[in-house]
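> need the 3D shape of this:
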Amino acid sequence: MSMRRPIFTTVAMLSLLQLQCQLAFAQTEIADYGRIGYAAFLTSTVTDYQCVSINPANLGFSPVTDVFAASTPIDAGVERRRRSFAVGIAQGGVSIRSDALNKSRLLDLLYQRGSATKFTPEDQLQAASEFAGKGIRFNIDMLVFGFSYQSKRYGGFALTVRERANATFRLNEGASEIIFQGRRAEYFDSSYTNWRGDTIGIARRPKPFSQLFEGTRLSLSWMREWGLSYGVPIWIDGTSRINLGVTGKFLQPYAYLDAEATGTDFIAHSALSPWFGINYGSARTPSQIEGNAFIPIGNGFGGDIGLTYQSQTLSVGISVIDIGSVTYNGNVYSAADTIVNGIGTTGFGSYNLFEEAPKITGEGNYFVWTGLMTTTARLPTRLRVGTNYRLTNRFEMGADLTIPLADVGTNSQNIVATAGLNFRPFPWLTIGTGLGSGDGMEIFIPGSICLSLFGGSWELGMSSVDISTLFTDRLPVVSANIGFLRIRI
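Numbers count the residues shown, from 1 in each chain. Model (predicted):
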């Protein structure tokens, strides 16, 4: 069964609402979604259930009266009462970026239109050239449900349920040719026909995966996350406080693929829910799951921990998120370093990489698999550091750093830095923008608009990770996120 329906239909529906806009923060890290309100800084700012997987210490923020304009002898001012409860349902987003494709071809992939849906041999040759030494990243984060309560003195807690899907495909020249062209790649200089009538590509001077695919990383992860968070002030002095927060996460994975070639070694692991219907050929595994149900193929535990200093005008936060691991115990396979030869596939047939990637596990394709009882993978642990300063009731500025701490395929590859400014011209409107760089992106310009309606009880917004890609064709970041049902009581 194809992943196209749940993944790319969702992407297209979200994107139709507004191309490259996000109902969320414009992320300091491209994998963070569903956060409404700011353009370039989150770690020391975002609160209630939105701070889960950002900085749980911010649940210790005290709900206070929102003063937009102070009262004067002539004017009564503008205030909004404090709100302790927050509820969000069905909000989240999708982001896709690539240094291999220009914006028009990335949009073809996103909307699954034109040649992106079915490759000709010429399309496969072009794709092999485009992805040589380059790649593509997907991030999907859907908040199914979020709830939080924050008290004035005793901290706050949050419950969240999220669907998280991430994929990273970075190919060297050899991998790009073979993955997109299969047996027609130049590497295979001979062929034969097997007993079933299939053409099999043969290399007369074969190389091992570790050498031929050196620098290649293929990673795919899809899991459901159940989170319980608590943040509490551990020190209070007048209007200043220090908050400590923790999050515990129970994880249910549905898809996992991680393959890496280093030049001296090659290791690959795969575990997929039986819903995907992948045929591993003659390979057998003791962790086999029969049937075709969409069920978890393991479980895991993770956590976040954070600390935030807060005063009337200044906040400074630090957190470590996604600490932990996942153990896969269903349909688990591994592949070691072997000679690349005897491939029968004709290569990827489209740019639907979520659909094509599992084909790597199929019979007669790329790797020779053996079964395992279990395998364990680390979560993409990250360190976040951020600060924000309130200049006036209308202006706020801040900055964030996100630093990867685990060498995981779906994690950021280097530091991401952002800085920005929020402007609030009216009580119900906040506009933000800034600058950022890192994780394969050069300079990007986040932008956001947040609406706070009915006295602040309903919030919605739109933002773009990089508003410059609306007008240029360079290293595009296409993203969309909706979450209209965010209620504060």
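> other SSEs contacting the helix or strand harbouring residue 417?
Following DSSP states H and E, one finds residue 417 within strand 416-426. The helices and strands touching strand 416-426, judged by 3 or more CB pairs under 8 Å, 6 or more residues apart in numbering; DSSP states H and E, are strand 395-404, strand 429-438. Every C-beta, even on glycine, is put in place using the N, C-alpha and C of the backbone.
> and the first one, how far out from the chain's middle?
When distances are taken as CA atoms, centre = their mean, to the nearest Å, strand 395-404 is centred 18 Å away from the chain's centroid.
> ditto for stretch 446-460
24 Å.
> now that stretch: buried residues?
446, 447, 448, 449, 450, 452, 459, 460 (16 or more other CB atoms under 10 Å).
> any idea how far the fifth one lies from residue 106?
When you say that, I think you mean residue 450. Computed with CB to CB, to the nearest Å, the distance linking residue 450 and residue 106 is 27 Å.
> can you map out the strands along the stretch 251-400 of the chain?
With DSSP state E, counting those that start in this stretch, the ranges of strands along the stretch 251-400 of the chain come out as 266-272, 298-310, 314-328, 332-335, 370-372, 375-378, 382-390, 395-404.
> can you map out the strands along the stretch 51-200 of the chain?
Using DSSP E, counting those that start in this stretch, strands in the stretch 51-200 of the chain cover 66-69, 78-80, 85-98, 135-150, 156-170, 190-193, 199-202.
> okay if I get those as a markdown table plus distance to residue 485?
Shown next, in a markdown table, are those (distance: least, CB to CB, whole Å):
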| stretch | distance to residue 485 |
| --- | --- |
| strand 66-69 | 21 |
| strand 78-80 | 20 |
| strand 85-98 | 5 |
| strand 135-150 | 10 |
| strand 156-170 | 14 |
| strand 190-193 | 56 |
| strand 199-202 | 52 |
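> for residue 487, which of the ones you listed is the nearest?
strand 85-98 (4.8 Å; CB to CB).
> okay, the angle between the closest one and strand 135-150?
170 degrees (axes from the mean of the first three to the mean of the last three CA atoms, to 10 degrees).
> tell me which strands strand 85-98 pairs with, and in which orientation.
Applying DSSP bridges, strand 85-98 is found paired with strand 135-150 (antiparallel), strand 477-482 (antiparallel), strand 486-488 (antiparallel).
> go ahead and produce PDB holding the CA coordinates of the first one.
By that I understand strand 135-150. Below are the C-alpha coordinates for strand 135-150, written out as PDB (Å, rounded to 0.1, in the frame of the first residue of the first chain):
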ATOM      1  CA  GLY A 135      19.800  15.600  -1.100                       C
ATOM      2  CA  ILE A 136      16.400  16.400   0.300                       C
ATOM      3  CA  ARG A 137      14.800  16.600   3.700                       C
ATOM      4  CA  PHE A 138      11.200  16.100   4.800                       C
ATOM      5  CA  ASN A 139       9.700  17.000   8.200                       C
ATOM      6  CA  ILE A 140       6.100  16.400   9.200                       C
ATOM      7  CA  ASP A 141       4.900  17.200  12.700                       C
ATOM      8  CA  MET A 142       1.100  17.000  13.400                       C
ATOM      9  CA  LEU A 143      -0.200  17.800  16.900                       C
ATOM     10  CA  VAL A 144      -3.200  15.600  17.300                       C
ATOM     11  CA  PHE A 145      -4.000  17.000  20.700                       C
ATOM     12  CA  GLY A 146      -2.500  19.400  23.200                       C
ATOM     13  CA  PHE A 147      -3.600  20.500  26.600                       C
ATOM     14  CA  SER A 148      -1.900  22.500  29.400                       C
ATOM     15  CA  TYR A 149      -2.600  24.300  32.700                       C
ATOM     16  CA  GLN A 150      -0.400  26.900  34.300                       C
END
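> check the gap between residue 54 and residue 65 for me.
For residue 54 relative to residue 65 (CB to CB), the value is 24 Å.
> burial measure for the closest residue to residue 340 other than its chain neighbours, as a count.
Nearest residue to residue 340, sequence neighbours excluded (CB to CB, 6 or more residues apart in numbering): residue 212, at 5.2 Å. Residues contacting residue 212 under the criterion other CB atoms under 10 Å number 21.
> what do you get for residue 173?
Residue 173: 18 neighbours (other CB under 10 Å).
> oh, and call the first residue 497 from now on, that's how I've got it
Fine by me, first position is 497 from now on; the one you just mentioned is residue 669.
> thought it was touching residue 628?
Yes: contact status for residue 669 versus residue 628: in contact at 4.2 Å, counting by CB atoms under 8 Å.
> circling back to that earlier point, and the helices and strands packed on strand 912-922 as TSV, adding mean neighbour count?
Formatted as TSV, the helices and strands packed on strand 912-922 follow (neighbours: other CB atoms under 10 Å):
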stretch	mean neighbour count
strand 891-900	21
strand 925-934	20
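> would you single out the least confident of these?
Lowest mean pLDDT within the helices and strands packed on strand 912-922: strand 925-934, at a mean of 88.
> re the thing from before, other residues contacting the strand holding residue 913?
524-526, 534-537, 564, 889-898, 926-935, 937, 942 (CB atoms under 8 Å, 6 or more residues apart in numbering).
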